[in-house]
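J.: I'll drop the sequence and a predicted model, then ask my questions.
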Amino acid sequence: MYCRGQLVQLQHDLSVFQHAGVGLAAISYDGAPVLREFASRKGISFPLLADHESKVIHAFGVANRRYARGSLLDIKTEQITGSPGDVPVYGVAYPSVFFIDRMGKLLWRMVSETDELRLTGATILERSIGVIAGESRRSLQNGRIQIAITASNTEAGLGNRLSIGLEFKMPPGSHFYGPEVGRSYHGLEWKMDASSCWYQSEPEYPRPQLRHFAFEEGELPVYTGDVRVTRELVLKPVLSAAEPSLFRLFQSVCLDSFSRVKASGVVHFQACDERQCYPPQSTVLEWRFHFVPPDLQRAPPELRREFEQ
Amino acid sequence: MRVLVLLALLFTPVSFTDADPATVHKLLSDASDIGLAAGSAAPEFRLQDQYGQERDRASLTAPNGLVLVFLRSADW
């Protein structure tokens, strides 16, 4: 289910890849007929490659180690039970992403042992080669310092790993303090509200400059000019065969009347210039993402894998 | 009561026992002992796509590179 959602999401972000001049292809242990049916049903135009014997999956070293030869998986419970109707899973890949340069060298990779969490296409390009191709950017005017909030995507499906960001633009001669400033100063601090809908990673602050000031012994960490801070947001993968009503509860708790999921937080900082420091500021932050419902439709029975390859 | 249990479940991740910052960090980190390392050479391959066309690495690579996404299955 999460794989199908990921393929639809990648198709949605395909223009970001094209704009960045980067090719995109997906590999799974499915046979070509399964991929053809899925691509036709969901309008997937980038290459879906059929590694039916898992040779390429093994060559990249990402065959799932949990599944030995002969393993049969109950896909509802994700347990190896070996019951009739279960799926042969030897040779299934871990969810993984590899960025390969033109010379055939692996520049970046992300291999996950967690099956439900998937990077969006825009997040892959941001994390791997620093392409900031956010679909959403909103300015929050805040006195001398301008703040904008960004997001890699405007839509989110269950298990999607999105990238959100804060961009600060400071006028010449101004600065604010880095997060580790300590003493009696107010350093940059970005907090997200606790949420039952999202996981959120810690923010990735850029390295501040160390600067000496006449009024203080030693050096203080400061930011000047343009500063960008990012973090990941992950929409919780709440589909559970053991507790199907969990998804309905997610819908009632997390989605608004426009089928959007909200994430919110606050950023604290204190701006200074050559003459003075201004009172510490707090700015409320909010993102909203359109929810993409999960695709629960399997391939037609006659196309499904029945035997180990 | 059932609603309370469900609410507790929603606040407790389905697949994970904990969601403190360290756990979230681990969930989102690269499983570095699995798969080819960054810096190594990518294997050559030739596979059929959904249109029945044979594709190799070179034919998939654009001027600035190639992103290969491995996933479990488009069926289940």
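T.: Done, it's in.

J.: Am I right that residue A:136 is in contact with residue A:154?
T.: Yes - taking contacts as Cβ atoms under 8 Å, residue A:136 lies within contact range of residue A:154: 5.1 Å. C-beta coordinates here come from the backbone N, C-alpha and C atoms, glycine included.

J.: residues contacting residue A:43?
T.: By Cβ atoms under 8 Å, 6 or more residues apart in numbering or on different chains, the contact list for residue A:43 reads residue A:11.

J.: That one and residue A:200, how far apart?
T.: Separation of residue A:43 from residue A:200 (Cβ to Cβ, to the nearest Å): 31 Å.

J.: go on, residue A:102?
T.: The spacing between residue A:102 and residue A:200, counted by Cβ to Cβ, is 35 Å.

J.: just for the chain, where's the confidence low?
T.: Assuming you mean chain A. Low-confidence segments of chain A, defined by pLDDT under 70: A:134, A:141-142, A:241-242, A:306-309.

J.: not what I meant, chain B
T.: Applying pLDDT under 70 to chain B flags residues B:1-19.

J.: Show me which strand runs longest in it.
T.: Using DSSP state E, we find that the single longest strand of chain B is strand B:66-70.

J.: all helices of chain A, in order?
T.: When assigned using DSSP state H, the helices of chain A occupy the ranges A:2-12, A:14-20, A:32-42, A:55-59, A:121-129, A:245-254.

J.: by contact count, what packs against the first one?
T.: Spelled out, that is helix A:2-12. With contacts defined as 3 or more Cβ pairs under 8 Å, 6 or more residues apart in numbering or on different chains; DSSP states H and E, the packing partners of helix A:2-12 are strand A:23-28, helix A:32-42, strand A:118-119, helix A:121-129, strand A:155-157, strand A:281-292.

J.: any idea how far it is from the chain center?
T.: 13 Å (Cα atoms, centre = their mean, to the nearest Å).

J.: ditto for stretch A:189-202
T.: Centroid displacement of stretch A:189-202 relative to its chain, using Cα atoms, centre = their mean, is 14 Å.

J.: Residues contacting it, please?
T.: Here stretch A:189-202 makes contact (Cβ under 8 Å, 6+ apart) with A:166, A:179, A:203, A:229, A:231-236, A:250, A:253-254, A:261-269, A:285, B:7, B:10-11, B:13, B:19, B:21, B:24-25, B:27-28.

J.: then it to CSV, C-alphas only?
T.: C-alpha atoms of stretch A:189-202 as CSV (Å, rounded to 0.1, in the frame of the first residue of the first chain):
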residue,chain,number,x,y,z
GLU,A,189,14.7,28.0,18.5
TRP,A,190,12.2,26.3,16.2
LYS,A,191,9.6,24.1,18.1
MET,A,192,6.8,22.1,16.5
ASP,A,193,3.6,21.5,18.5
ALA,A,194,3.0,17.9,19.7
SER,A,195,0.8,16.1,17.1
SER,A,196,-1.1,12.9,16.9
CYS,A,197,-0.9,13.2,13.1
TRP,A,198,2.9,13.7,12.4
TYR,A,199,6.3,12.6,13.4
GLN,A,200,8.7,15.5,13.2
SER,A,201,12.5,15.4,13.2
GLU,A,202,14.7,17.8,15.0
